[in-house]
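Novice: heads up, no residue letters with this:
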């Protein structure tokens, strides 16, 4: 085995891993669903769900990486007992990384585009209708969309080309520290806006009446779903950073640090966005419209709005690029292990591959807009996001946990030994049965309900077809865990 690269510092590992987990969903989704589901009461449920679901999965993925000292391309081959089929999962995970980058690079390009627009005053002094029209014009321009997608790809692969310590760790540390500083500055600014108290009340004050209206079960499921998806587990992106981690510290505490930083960013994003929207009488919608239509309109009403808008979109660019860099590092490591390529060759080949694979999502908003794979109004990006978020992330997470707990996998004892190597917080040994049965069961429920919620509004025939597909995928994944030693 070739000598494995390692992080230069513990802080580097934490910031790079957190950078992978911190994505655009932390900003455009969490604040709104928090306010929508009871404010502080939802946050409390979310933190509990993060502890009982996200944390064990994250530790499992880190453990597989550090125990194998390999990427997901060969980690299971290294750790699995002879005669079992866990190694087949590699293709599932690798496909997920490429699928994610097929649309995420485009969205990262949007952020860079808007940071430049804000800096140059391209959004200043415009009405809400004009700002909305600007966003539509961007989506309708394949040249503009492709250009900024390519810029995002070149920046991110350029960082990865410099290696783990000199590129990924060094640059991501700077980006994440700048992101945190920008976030704190923006949050303080948001707290001094007029009428900001109404927004904070919507976001942070427990609203038990709203929970009763929505239903406790629905609120709990919303908290559980977001806690599950927020950490980017299931595709091997955290596994690769575990493989670069030294044996000095136990994994339970390291996973807690990553999880806390991710949660801090999500909570602070709400403090930035929600009071600002309420201060200017704007509905804090979830999704792209919040970032590219609602917030530029809010900034235009502020004193020094051009400065605050630029700072916000620079912050968003850092959040997006930190995720892209992390996933690219995983893709590069996979290519090096599967094909024996050097880092330089892996970067060169994947630059071309990712750019070509990202074009369908770009063209899906204009030239290929007639292709609506998930029904009326859907885009190619929606299909790619569905495959990643509703399939690969939950099913991949289930596999990591099963692999770490089942006798025909890596096994509980070996997993526990790896998790508890070093100093720091010990893994709670008493949750073995919960890890083996409870966590996979919760993931299965989230997976199936996700399908139901997606396709139930589209009619009984569509729902039946897709639920059959969902159960077939679940059975396929569970077949890995049923394989026997020979």
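Specialist: Received it, and whenever you're ready, just let me know what you need. Because the structure is a prediction, the values reported are computed rather than measured.

Novice: And for residue 114, nearest residue in space, chain neighbours not counted?
Specialist: With C-beta to C-beta, 6 or more residues apart in numbering as the measure, residue 313 is the residue that lies nearest to residue 114, at 4.5 Å, once sequence neighbours are left out. Every residue, glycine included, has its C-beta placed from N, CA and C.

Novice: whoops, I mixed them up, residue 353
Specialist: residue 98 (7.9 Å).

Novice: so that neighbour sits in a helix?
Specialist: Yes: under the criterion used here (DSSP: H, G, I helix; E, B strand; the rest coil), residue 98 sits inside a helix.

Novice: residues in contact with it?
Specialist: If a contact means C-beta atoms under 8 Å, 6 or more residues apart in numbering, then residue 98 has 331, 353-354, 357 as its contacts.

Novice: separation between it and residue 263?
Specialist: Separation of residue 98 from residue 263 (C-beta to C-beta, to the nearest Å) stands at 28 Å.

Novice: just residue 453 next, same as before
Specialist: Going from residue 453 to residue 263 by C-beta to C-beta gives 24 Å.

Novice: circling back: ok, the residue nearest to residue 353 to residue 55 distance?
Specialist: Here residue 98 is placed at a distance of 27 Å from residue 55 (C-beta to C-beta).

Novice: picking up where we left off before, for the residue nearest to residue 114, grab phi and psi.
Specialist: The phi and psi torsions at residue 313 (degrees, to the nearest 10) take the values phi -80, psi -30.

Novice: Point out where the stretch 151-300 of the chain drops to low pLDDT.
Specialist: Residues of the stretch 151-300 of the chain meeting the criterion pLDDT under 70: 285-286.

Novice: Tell me where the stretch 201-350 of the chain has helices.
Specialist: With DSSP state H, counting those that start in this stretch, the ranges of helices along the stretch 201-350 of the chain come out as 208-214, 216-229, 237-243, 251-279, 288-289, 295-301, 305-339, 343-363.

Novice: do the same with the stretch 351-486 of the chain
Specialist: Ranges of helices within the stretch 351-486 of the chain are 380-387, 393-405, 412-419, 432-433, 439-455, 460-482, based on DSSP H, counting those that start in this stretch.

Novice: now these as a markdown table including mean neighbour count and mean pLDDT?
Specialist: Compiled in a markdown table, the helices of the stretch 351-486 of the chain are given as follows (neighbours: other C-beta atoms under 10 Å; pLDDT from 0 to 100):
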| stretch | mean neighbour count | mean pLDDT |
| --- | --- | --- |
| helix 380-387 | 19 | 95 |
| helix 393-405 | 26 | 95 |
| helix 412-419 | 18 | 97 |
| helix 432-433 | 12 | 94 |
| helix 439-455 | 18 | 93 |
| helix 460-482 | 15 | 89 |
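
Novice: Ok, which of the ones you listed comes nearest residue 38?
Specialist: The closest of the helices of the stretch 351-486 of the chain to residue 38 is helix 439-455. By C-beta to C-beta, the value is 19.0 Å.

Novice: Now do the closest one and helix 380-387, the angle between them.
Specialist: Relative orientation of helix 439-455 with respect to helix 380-387: 150 degrees, computed using axes from the mean of the first three to the mean of the last three C-alpha atoms, to 10 degrees.

Novice: Next up, the contacts around residue 73.
Specialist: Applying C-beta under 8 Å, 6+ apart as the definition, the contact partners of residue 73 turn out to be 90, 94, 333-334, 337-338.

Novice: Most neighbours among those, please name it.
Specialist: Scoring the contacts of residue 73 on neighbours with other C-beta atoms under 10 Å, the highest-scoring entry is residue 333 at 26 neighbours.

Novice: Leaving out sequence neighbours, find the closest residue to residue 410.
Specialist: In space, residue 410 comes closest to residue 79 once its chain neighbours are excluded; the distance is 4.7 Å by C-beta to C-beta, 6+ apart.

Novice: Contacts only, for the one you found.
Specialist: Taking C-beta under 8 Å, 6+ apart as the criterion, residue 79 is in contact with 64, 67-68, 403, 410, 414.

Novice: Also residue 35?
Specialist: Counting by C-beta under 8 Å, 6+ apart, residue 35 touches 202-203, 270, 274, 284.

Novice: Go again with 10 Å.
Specialist: Under the criterion of C-beta atoms under 10 Å, 6 or more residues apart in numbering, the contact list for residue 35 reads 42, 199-205, 207, 210, 270, 274, 277-278, 284, 286.

Novice: ok now the helix or strand harbouring it, how far from the chain's centre?
Specialist: Following DSSP states H and E, one finds residue 35 within helix 30-36. Mean-position distance between helix 30-36 and its chain equals 17 Å (C-alpha atoms, centre = their mean, to the nearest Å).

Novice: elements contacting the helix or strand where residue 12 lies?
Specialist: Residue 12 is located in helix 10-21, with elements delineated by DSSP H and E. Of the remaining helices and strands, those touching helix 10-21 by 3 or more C-beta pairs under 10 Å, 6 or more residues apart in numbering; DSSP states H and E are helix 55-68, helix 170-190, helix 237-243, helix 251-279, helix 305-339.

Novice: one step back: can I get the contacts of residue 73 in TSV with pLDDT?
Specialist: Rendered in TSV, the data for those read as follows (pLDDT from 0 to 100):
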residue	pLDDT
90	91
94	94
333	95
334	96
337	94
338	94
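
Novice: Nearest to residue 399 among those residues?
Specialist: residue 90 (10.7 Å).

Novice: quick one, what contacts the closest one?
Specialist: Counting by C-beta under 10 Å, 6+ apart, residue 90 touches 71-77, 236, 334, 337-338.

Novice: Residue 170 now?
Specialist: Listed by C-beta under 10 Å, 6+ apart, the contact partners of residue 170 are 8-9, 12, 16, 159, 162-164.

Novice: okay, the residue nearest to residue 416 when sequence neighbours are not counted: pLDDT?
Specialist: In space, not counting the residues next to it along the chain, residue 416 is nearest to residue 427; the distance is 6.2 Å by C-beta to C-beta, 6+ apart. We have a pLDDT of 96 for residue 427.

Novice: distance of residue 427 from residue 188?
Specialist: Residue 427 sits at a distance of 38 Å from residue 188 (criterion: C-beta to C-beta).

Novice: cool, residue 438 as well?
Specialist: Distance, residue 438 to residue 188, by C-beta to C-beta: 41 Å.

Novice: ok, now residue 201?
Specialist: Between residue 201 and residue 188 the computed distance is 19 Å (C-beta to C-beta).

Novice: Name the residue in the two with the higher neighbour count.
Specialist: Ranked by neighbour count (other C-beta under 10 Å), residue 201 and residue 188 place residue 201 first, with 15 against 11.

Novice: residues in contact with that one?
Specialist: By C-beta under 10 Å, 6+ apart, the residues touching residue 201 are 35, 39, 207, 274-275, 278.
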